[in-house]
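> Dropping a prediction and its sequence here:
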Amino acid sequence: MEQVTVLQTDEPIRLDHDRLGALYDRLGPAGAEDVVCRAMEELAARLSQVDRDYRAGRWPELRKGARALAAIAEQMGMDTLARVGRDVTACVDLGDRVALAAVLARLFRSGERSLTAVWDMQGLSV
């Protein structure tokens, strides 16, 4: 009989609170909230575009989008999301489509959880 192993997909999201705090110190509450909101919108849009590029097999565009997503996440202190975005670019560079599918699933989970964590941390409302 074969044994099935269930992988844990609920990893902690790491946010660099000091980086966000420095942003608030530098820009003030209103300016920082504006920057954070715009960055969150951009990250959500890039996640969506990465998904579309993957489904369409547009590997150069997928790589470019994941790389940009990682850079924005890094600036916002979303360390987990930034790392996974870099992992996506590595999978594209290696041409490993199986690993790419797995890492993209992780990117989307991490992206959603990172955006929610920042949103909750900022006390922002819709």
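Now that the structure is in, tell me what you want to look at.
> Residue 3 versus residue 30, what's the distance?
56 Å (CB to CB, to the nearest Å). The way it works is simple: take the backbone N, C-alpha and C, and place the C-beta from them, glycine included.
> now do residue 112
30 Å.
> tell me which element residue 51 is part of?
Element membership of residue 51, judged by DSSP states H and E, is helix 17-56.
> Pull the distance from that helix to the chain's centre.
With CA atoms, centre = their mean, to the nearest Å as the basis, helix 17-56 stands 10 Å off its chain's centre.
> and if you look at stretch 62-82?
With CA atoms, centre = their mean, you get 6 Å for stretch 62-82.
> contacting residues around that stretch?
With contact meaning CB atoms under 8 Å, 6 or more residues apart in numbering, stretch 62-82 is reached by 11-20, 36, 39-40, 42-43, 46-47, 49-50, 53-54, 83-86, 88-89, 92-93, 107, 110-111, 114, 118.
> Quick check on these: which are buried?
Taking 16 or more other CB atoms under 10 Å as the criterion, what is buried in the contacts of stretch 62-82 is 13-15, 20, 36, 39-40, 43, 46-47, 49-50, 53-54, 84-86, 88-89, 92, 107, 110-111, 114, 118.
> which parts of the following helix or strand past the helix holding residue 51 are buried?
The C-terminal neighbour of helix 17-56 among helices and strands, as given by DSSP H and E, is helix 59-76. By 16+ other CB under 10 Å, the buried positions in helix 59-76 come out as 59, 61-66, 68-70, 72-74, 76.
> Those residues into a markdown table, with extra columns for distance to residue 99?
As requested, the buried residues of helix 59-76 are exported to a markdown table (distance: CB to CB, whole Å):
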| residue | distance to residue 99 |
| --- | --- |
| 59 | 13 |
| 61 | 19 |
| 62 | 13 |
| 63 | 14 |
| 64 | 19 |
| 65 | 17 |
| 66 | 13 |
| 68 | 20 |
| 69 | 18 |
| 70 | 17 |
| 72 | 23 |
| 73 | 20 |
| 74 | 22 |
| 76 | 26 |
